[in-house]
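Novice: The sequence and its predicted three-dimensional model are supplied below.
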Amino acid sequence: MAGKVVEMRDFCDKMAKDRCPGTEEAFVRLVHSFVEHCRIEEAITVLVNMNLGGYRLPIEAFNALLRALVGGKGREFQKALFVYKEMMKACVLPTVETLNCLMKALFATNQIDLGLDQFRRMKNKGCNPNTKTFEILVKALIENGRVDEAAIILEQMFKVQCQPDLSFHTCIIPLFCRENKIEEAVKLFRMMKDSDLEPDSFIYEVLVRCFCNNLQLDSAVALINEMIESGMPPKHYVLVDIMNCFCELGKIKEAIVFLENRQVHETAPFNTLLEGCCNAGEILAANVLLETMSERHIADCESWNILIRWFCENEDIKKAHILLGRMIKSFVILDCATYSALVIGNCRLGKYEEAMKLFHQICARCWILDFASYSELVGGLCDIKHSEDAMEVFHYMSMKRCSLHSLAFYKLIKCVCDSGQVKEAIRLWQLACFCAISCCIATHTAIMQLLLRSRRAEDLLAFLSQMLMVGSNLDLEAYCILIQSMSRQNKIKECVLFFNTMINEGLTPDPDKLFDQLLFMANHSQLSMISSAIDRISCGDILNSAMYGLLITGLLKEGREHEARRLLDSMLEKGWVPDATTHNLLIGSDVRKGMTQAMLFDDSASLDSVSNILAEGLGDT
């Protein structure tokens with residue numbers, strides 16, 4: 001126990017060699033003692049000494065050691081396997097508990113198929129699976145996403161008439177409920193009841209939740225009644241689940257009767273029902289319910305807020321104010337949710353001055369707006385071009401790390417960009433990244449368009465790098481902005497890069513923009529650098545006659561006759577004939593190089609036909 005393992009091993013070795021009387025019993029006691037004190041290394045040392053000395057450790061001691069190795073957090077598969085091998089060396093036959101421990105060790109290391117193989121070979125080792133075996137198997141399969149196989153194993157348990165114990169039910173029923181396997185869970189629950197095993201409140205709760213999730217209201221209510229009869233009053237979150245089920249099925253009146261009959265005095269289920277009434281448009285019922293809650297002193301701030309919020313969202317601010325007065329008279333303290341509701345109500349009616357007054361009161365209390373109210377206020381202020389107020393709201397909320405709807409943020413950026421505030425737009429975007437606000441591509445292009453108008457190419461590339469760092473994508477408009485900006489500065493390499501990337505991503509500009517982009521690169525003799533992109537766009541119906549002429553002429557000037565003729569073939573297939581200048585350049589390019597007519601039209605019959613078509617097309621010119 002002092003941790004002197006080497007000295008201990010020497011003593012064990014001497015005991016075994018001297019064949020002292022009672023050595024085997026002493027070794028067995030040592031193993032059990034070490035296991036009880038969680039000194040597994042020392043226990044294994046004694047086990048090894050016993051085997052070397054020719055002593056046998058009984059199967060109970062082996063099992064105790066295996067249980068310690070596979071139980072709890074310190075699951076050590078290799079040591080468990082070592083102990084199992086030592087047991088085999090000592091010719092000690094395993095029991096079902098031994099094999100259960102082995103399977104548990106295999107499952108703990110995600111060796112599911114090996115564990116299943118051990119299960120199938122249990123009979124060969126003279127062992128029949130017990131309830132613990134099936135518990136280990138079913139649990140491991142469910143936790144590893146193999147739920148259907150777990151159901152098959154469960155059926156095998158039923159066939160061999162293995163009667164599951166309380167531990168099995170307590171472990172497995174919640175797992176099947178979690179996976180929404182309601183049939184298996186109910187079957188086990190009934191078996192549990194038939195075996196006179198008393199389910200605890202947790203089993204009831206998970207089953208009620210599962211029934212509610214599947215909208216099996218009658219079954220859920222029956223279980224609730226059973227819980228109450230068994231002296232286990234349902235917790236508030238269970239009643240919340242069943243209220244949600246009532247509301248989802250549109251049974252508002254039945255839900256009210258349910259709470260009344262069971263004399264529920266907790267706030268949470270009533271608030272859930274209040275919300276359900278509002279969502280269903282049952283405002284009269286919601287008003288009566290809130291009045292009842294207030295009389296019973298179970299209405300909290302959230303209760304009032306639910307109804308106030310509904311009136312505000314439905315543009316009935318007068319009734320919201322009436323409720324607010326009643327709320328204050330009931331000595332209920334307003335919170336940020338109350339203010340958020342009133343802000344959204346004023347926004348819906350276009351009363352942005354009132355909304356801003358409420359916002360300033362929120363700031364004075366160091367509160368924040370909720371997501372919906374925040375987005376509505378910013379978006380609405382931008383709609384009426386009150387960009388300064390919108391930026392004030394955004395800055396305050398950003399300092400609180402609050403997120404904003406992407407559409408509202410786009411409106412803010414668009415509003416700022418329309419007023420030409422370049423630095424402010426970029427600063428707002430950086431704040432959005434800080435707050436993890438998702439930005440739509442239109443937000444980025446709005447800023448890029450402003451930078452293009454401002455002729456700030458350096459800032460445009462800097463903004464692009466920041467966009468890429470946060471994982472933003474570019475759309476067609478963004479690429480066109482970049483190409484246009486680079487063209488203005490005669491940055492041909494950048495133009496080629498952006499153009500190739502744009503086409504490779506399957507993005508193609510409208511004909512006018514495409515022509516301008518191709519013309520710029522043709523004028524700088526860079527068409528050969530976008531040859532793969534030209535191949536892609538020439539396959540469809542994107543190029544028109546003018547673009548073909550531009551590309552053929554440009555490629556010929558760059559000495560790319562083969563590519564020019566390939567484009568010519570494509571052009572002719574579509575029934576278009578090049579103009580005289582392009583045709584003369586095609587013919588003259590080979591003459592200037594001293595090539596013969598035979599070399600010009602090589603061995604291709606199709607090229608002969610091309611010449612004929614050209615001659616016919618230009619004959620009248």
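Specialist: That came in fine, so what should we check first? No experiment lies behind these values; they were computed from the predicted model shown.

Novice: what sits against T98?
Specialist: Going by Cβ atoms under 8 Å, 6 or more residues apart in numbering, T98 touches 59, 62-63, 66, 84, 87. Backbone N, C-alpha and C define where each C-beta goes, glycine included.

Novice: where does it land in three-state SS?
Specialist: The assignment at T98 comes out as helix when based on DSSP: H, G, I helix; E, B strand; the rest coil.

Novice: From G126, how far out is it?
Specialist: Distance of T98 to G126, given as Cβ to Cβ, to the nearest Å: 11 Å.

Novice: and this protein, what are its domains?
Specialist: Taking the TED database as the reference, the chain has its domains at 1-128, 505-584.

Novice: shaky segments in the stretch 501-621 of the chain?
Specialist: Along the stretch 501-621 of the chain, the parts satisfying pLDDT under 70 run over 580-621.

Novice: hmm, 90 instead?
Specialist: For the stretch 501-621 of the chain, applying pLDDT under 90 flags the ranges 538-546, 549, 553, 556-557, 559-621.

Novice: What segments of it are helices?
Specialist: For the stretch 501-621 of the chain, applying DSSP state H, counting those that start in this stretch gives helices covering 511-523, 531-538, 545-557, 561-573, 580-592, 597-600, 605-618.

Novice: what's G54 in contact with, if anything?
Specialist: Applying Cβ under 8 Å, 6+ apart to G54 gives the contacts A16.

Novice: State the pLDDT value of it.
Specialist: The confidence metric pLDDT takes the value 71 at G54.

Novice: Could you list the low-confidence segments of the stretch 101-250 of the chain?
Specialist: The stretch 101-250 of the chain contains residues with pLDDT under 90 at 101-111, 115, 118, 121-128, 158-163, 193-198, 230.

Novice: Run through the strands of it in chain order.
Specialist: Taking DSSP state E, counting those that start in this stretch, the stretch 101-250 of the chain contains no strands at all.

Novice: residue ranges of the helices in it, please?
Specialist: Remark: helices assigned in the stretch 101-250 of the chain by DSSP H, counting those that start in this stretch are 112-120, 131-143, 147-159, 166-178, 182-194, 201-213, 217-229, 236-248.

Novice: Now do the second one: everything it contacts.
Specialist: What it means is helix 131-143. 96-97, 99-100, 103-104, 107, 112, 115-116, 119, 122, 147, 149-150, 153-154, 156-157, 162-165, 167-168, 171-172, 175-176, 178-179.

Novice: Next: the third one.
Specialist: Among residues not part of helix 147-159, those counted as contacts by Cβ under 8 Å, 6+ apart are 129, 131, 134, 137-138, 141-142, 164, 172, 176, 179, 181, 184, 188.

Novice: buried residues in it?
Specialist: Residues of helix 147-159 classed as buried by neighbour count (16 or more other Cβ atoms under 10 Å): 147, 149-151, 153-154, 157.

Novice: and what of the second one?
Specialist: Buried residues in helix 131-143, counting neighbours by 16+ other Cβ under 10 Å, are found at 131-143.

Novice: Do you know the pLDDT at the residue nearest the centre of the chain?
Specialist: Compute the mean C-alpha point of the chain, and by Cα atoms, centre = their mean the closest residue is S438, 14.5 Å away. According to the prediction, S438 has pLDDT 91.

Novice: Can you get me the start-to-end distance on stretch 135-150?
Specialist: 10 Å (Cα to Cα, to the nearest Å).

Novice: for K574, what are its contacts?
Specialist: Contact analysis of K574 by Cβ under 8 Å, 6+ apart lists D541.

Novice: Next up, phi/psi of it, please.
Specialist: Main-chain torsions, K574, degrees, to the nearest 10: phi -90, psi 0.

Novice: any idea how far it lies from A43?
Specialist: Using Cβ to Cβ, K574 is found at 85 Å from A43.

Novice: Next, count neighbours for D194.
Specialist: Neighbourhood size, D194 [other Cβ atoms under 10 Å]: 8.

Novice: Check R121 too.
Specialist: Residues lying near R121 (other Cβ under 10 Å) number 11.

Novice: and of the contacts of T98, the nearest to A355?
Specialist: Nearest to A355 among the contacts of T98: L66, at 68.0 Å, using Cβ to Cβ.

Novice: Now for that closest one: which residues touch it?
Specialist: So L66 contacts 80, 83-84, 98, 101-102, 105 (Cβ under 8 Å, 6+ apart).

Novice: Include distance to F463 when you put the domains of the chain into JSON lines, please.
Specialist: What follows is the domains of the chain, written out as JSON lines (distance: least, Cβ to Cβ, whole Å):
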{"stretch": "domain 1-128", "distance to F463": "46"}
{"stretch": "domain 505-584", "distance to F463": "19"}
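
Novice: So which of those domains is nearest D196?
Specialist: Smallest distance to D196 across the domains of the chain (Cβ to Cβ): 23.9 Å, for domain 1-128.

Novice: for the helix or strand where C417 lies, what is the average pLDDT?
Specialist: Here C417 sits within helix 406-418, counting by DSSP states H and E. The average pLDDT for helix 406-418 rounds to 96.

Novice: Which one of the buried residues of helix 131-143 is nearest to S487?
Specialist: For the buried residues of helix 131-143, the nearest to S487 is E143 (59.0 Å; Cβ to Cβ).

Novice: Now do the same contact list for the residue nearest to Q118 when sequence neighbours are not counted.
Specialist: Leaving aside its sequence neighbours, Q118 sits nearest to M103 (Cβ to Cβ, 6 or more residues apart in numbering; 5.2 Å). Contacts here follow Cβ under 8 Å, 6+ apart; on that basis M103 touches 115, 118-119, 133, 136-137, 140.

Novice: Dump the residues you listed to TSV, plus distance to K357.
Specialist: Below are these laid out as TSV (distance: Cβ to Cβ, whole Å):
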residue	distance to K357
G115	66
Q118	72
F119	70
T133	69
I136	64
L137	65
A140	60
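
Novice: hang on, the earlier thing: give me the element the residue nearest to the centre of the chain is part of.
Specialist: When elements are assigned from DSSP H and E, S438 belongs to no helix and no strand.

Novice: Distance of the closest residue to it other than its chain neighbours relative to I112?
Specialist: Once flanking residues are discounted, S438 sits nearest to S406: 5.0 Å by Cβ to Cβ, 6+ apart. Distance, S406 to I112, by Cβ to Cβ: 42 Å.

Novice: between the two, which one's more packed in?
Specialist: Legend: neighbour count by other Cβ under 10 Å for S406 and I112, higher for I112 (19 against 16).

Novice: wouldn't that one be in contact with F119 here?
Specialist: No: here I112 does not reach F119: they are 10.6 Å apart, not a contact under Cβ atoms under 8 Å.

Novice: pull the CA atoms of stretch 482-498 into PDB?
Specialist: Output of stretch 482-498 as PDB, limited to C-alpha atoms (Å, rounded to 0.1, in the frame of the first residue of the first chain):
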ATOM      1  CA  LEU A 482     -12.800  42.900 -59.100                       C
ATOM      2  CA  ILE A 483     -12.100  42.500 -62.900                       C
ATOM      3  CA  GLN A 484     -13.400  46.000 -63.600                       C
ATOM      4  CA  SER A 485     -11.300  47.500 -60.900                       C
ATOM      5  CA  MET A 486      -8.200  45.700 -62.000                       C
ATOM      6  CA  SER A 487      -8.900  46.700 -65.600                       C
ATOM      7  CA  ARG A 488      -9.000  50.400 -64.700                       C
ATOM      8  CA  GLN A 489      -5.500  50.100 -63.200                       C
ATOM      9  CA  ASN A 490      -4.100  47.900 -66.100                       C
ATOM     10  CA  LYS A 491      -3.400  45.100 -63.600                       C
ATOM     11  CA  ILE A 492      -3.600  42.400 -66.300                       C
ATOM     12  CA  LYS A 493      -2.300  39.500 -64.200                       C
ATOM     13  CA  GLU A 494      -5.000  40.000 -61.600                       C
ATOM     14  CA  CYS A 495      -7.700  40.300 -64.300                       C
ATOM     15  CA  VAL A 496      -6.600  37.000 -65.800                       C
ATOM     16  CA  LEU A 497      -6.600  35.300 -62.300                       C
ATOM     17  CA  PHE A 498     -10.100  36.600 -61.400                       C
END
